[in-house]
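A.B. asks: Okay, here's the prediction I keep looking at, along with the sequence it came from:
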Amino acid sequence: MRALALLAGASLALPLAAAACDDATKPPFLPEASPSAETGGLDGFRAFAGQIGQAIRDADGRLFIERAQPTHIFCTGKEEEPYPCFPHAAGVVEGIWSERWRTEFVNLVPPEDVASGFESFVSAAAAGESDRFGSGEAALYAIASGPEELTFGESFYAILTAISGRPPGRSTIAYQFIFRQGRWRLLGEVHAWDESLFVEWLNGTCADCYDQWERWEGTP
């Protein structure tokens with residue numbers, strides 16, 4: 001009681017009722033500083049991206065649900081292709097942006113679909129295969145900073161790649177994140193299957209894909 005009173009700058013003559021309060025009704029203490037506080041920018045994203053690497057090792061997509069930053073748009077119900085309003089009925093549509101690179105296909109999908117797609121991408125990887133980009137196992141290949149946008153500001157990409165399918169072929173998923181309210185949030189995903197498309201995410205030279213690109217340390 002005395003210590004609490006001194007910290008609060010209060011009189012030692014606190015009401016006796018306060019002493020009778022149980023733990024459920026005591027005033028909250030100051031929270032401890034988080035040892036893993038997140039920061040923005042490329043350095044901050046690099047530190048956060050380690051969690052994506054761990055998600056790959058665990059084949060667990062819950063991170064993408066926990067970090068989801070859904071976009072909300074209003075559809076009239078009269079839109080035609082391309083997506084995302086077609087073929088939705090009139091009303092608000094929300095979800096994570098999902099895009100096929102260099103196509104007009106873009107949609108809003110539930111975070112749960114992103115998570116399950118991630119898990120399928122990892123589990124289907126053919127670790128025994130390889131090509132000029134390395135092993136066929138699912139891996140965080142690179143991170144990059146995207147061009148700043150008027151709507152979302154600066155964004156960053158975690159670029160994953162793997163070989164899968166029959167016949168085996170490489171593909172990439174670039175997960176787009178933004179920094180909001182002290183945390184990294186998932187905004188969208190970009191899929192590329194054809195080599196003429198996914199190579200832009202793996203060679204670090206695509207000027208309209210990203211501003212800065214760096215190979216992830218330890219990529220097989």
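C.D. replies: Thanks, I have the structure now.
A.B. asks: helices and strands of the protein: which one has the lowest mean pLDDT?
C.D. replies: Lowest mean confidence among the helices and strands of the chain (mean pLDDT, DSSP states H and E): helix 2-8, at a mean of 28.
A.B. asks: The top strand by length along the chain: partners in the sheet, and parallel or antiparallel?
C.D. replies: For the chain, the strand that runs over the most residues, judged by DSSP state E, is strand 169-180. Under the criterion DSSP bridges, strand 169-180 sits next to strand 156-164 (antiparallel), strand 183-192 (antiparallel) in its sheet.
A.B. asks: if you compare these, which one is most tucked away?
C.D. replies: Neighbour counts (mean count of other Cβ atoms under 10 Å) averaged over each of the strands paired with strand 169-180 peak at strand 156-164, with a mean of 25. Quick note: C-beta positions are derived from backbone N, CA and C, even for glycine.
A.B. asks: quick one: average pLDDT of that strand?
C.D. replies: Strand 156-164 shows a mean pLDDT of 98.
A.B. asks: next one: it to chain centre, how far?
C.D. replies: 12 Å (Cα atoms, centre = their mean, to the nearest Å).
A.B. asks: and if you look at stretch 97-116?
C.D. replies: Relative to its chain's centre, stretch 97-116 lies at 13 Å (Cα atoms, centre = their mean).
A.B. asks: Using PDB, write out every CA atom in that stretch.
C.D. replies: Coordinates of the C-alpha atoms in stretch 97-116 are reproduced here as PDB (Å, rounded to 0.1, in the frame of the first residue of the first chain):
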ATOM      1  CA  TRP A  97      -6.000  -8.400 -52.000                       C
ATOM      2  CA  SER A  98      -5.100 -11.400 -54.100                       C
ATOM      3  CA  GLU A  99      -3.600 -10.800 -57.500                       C
ATOM      4  CA  ARG A 100      -2.200 -12.800 -60.400                       C
ATOM      5  CA  TRP A 101       0.900 -10.900 -61.400                       C
ATOM      6  CA  ARG A 102       0.700  -9.100 -64.800                       C
ATOM      7  CA  THR A 103      -3.000 -10.000 -65.300                       C
ATOM      8  CA  GLU A 104      -6.200  -8.100 -64.600                       C
ATOM      9  CA  PHE A 105      -7.200 -10.800 -62.100                       C
ATOM     10  CA  VAL A 106      -7.500  -9.300 -58.600                       C
ATOM     11  CA  ASN A 107      -9.900 -10.200 -55.800                       C
ATOM     12  CA  LEU A 108     -10.500  -9.700 -52.200                       C
ATOM     13  CA  VAL A 109     -10.300 -13.000 -50.300                       C
ATOM     14  CA  PRO A 110     -10.800 -13.900 -46.600                       C
ATOM     15  CA  PRO A 111      -7.600 -14.100 -44.500                       C
ATOM     16  CA  GLU A 112      -8.400 -17.700 -43.800                       C
ATOM     17  CA  ASP A 113      -8.000 -18.400 -47.600                       C
ATOM     18  CA  VAL A 114      -4.600 -16.700 -47.500                       C
ATOM     19  CA  ALA A 115      -3.600 -18.900 -44.600                       C
ATOM     20  CA  SER A 116      -4.800 -22.100 -46.100                       C
END
